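Peer 1: Quick one, structure for this:
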Amino acid sequence: MGYRLSKIYTRTGDDGTTGLAGGVRVRKHDPRIEAIGDVDETNSAIALVLAEADIASDVRDALRSIQHDLFEIGGELSMPEYRGITASDIERLERLLDAMNAALPPLENFILPGGTRAAAACFLARAIARRAERSVWALAEQTTLNPELPRYLNRLSDLLFVVARRLTRDRGLEETLWQKKDAR
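Peer 2: Numbers count the residues shown, from 1 in each chain. Sure thing, here's the model as predicted:
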């Protein structure tokens, strides 16, 4: 990093624009800014999971690593020439997913978001990650992006689902299966 932010407000965004790395200004509702915001929101939602005290250390370490990856994605979105996410990052998520999912019982039906506070926050992070993925795909229709970005976000939403299940199970709680209207 070349410099630190010493002043948080600049007033430069008061005209409805924001700056990308390199000094380019775009509208605050530009698809690139929407994608950056959705990735940032995903990261913040993961922070809510991590704020809970009862998270196993392997889950905590995985989510913290993912937060760093999300900053890499934000960097790629704001600096199109930068590459921070690679196929190996996606493979790492897949290995995590496979390992955590192997320890869970197979799904018999859809499950309702819930469980512990941490699990519920993880379900929320998953939903936000899916929105971030959609935003990145929308941006990819307009400009060339690293194809690993939407793939990473897709795997991330899957991983967050499995982590939510794991967090529920870690506390000895049962998942609530979805029941069709006529079965309730």
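
Peer 1: Okay, now the unreliable bits of the chain?
Peer 2: 1-20, 26-28 (pLDDT under 70).

Peer 1: for it, what spans make up the strands?
Peer 2: 17-19, 25-27 (DSSP state E).

Peer 1: who's in contact with Ala45?
Peer 2: 121, 124-125, 128-129 (Cβ atoms under 8 Å, 6 or more residues apart in numbering). Placement of C-beta: from N, CA and C, glycine included.

Peer 1: Return the distance of it relative to Pro106.
Peer 2: Using Cβ to Cβ, to the nearest Å, Ala45 is found at 27 Å from Pro106.

Peer 1: likewise Asp38?
Peer 2: 31 Å.

Peer 1: List the contacts of the closest residue to Ile36 other than its chain neighbours.
Peer 2: Spatially, and ignoring its direct neighbours in sequence, Ile36 is nearest to Leu77 (4.8 Å; Cβ to Cβ, 6 or more residues apart in numbering). By Cβ under 8 Å, 6+ apart, the contact list for Leu77 reads 32, 35-36, 39, 136, 139, 145, 149.

Peer 1: Go again with 10 Å.
Peer 2: With contact taken as Cβ atoms under 10 Å, 6 or more residues apart in numbering, Leu77 is in contact with 20-21, 31-40, 84, 135-136, 139, 145-146, 149.
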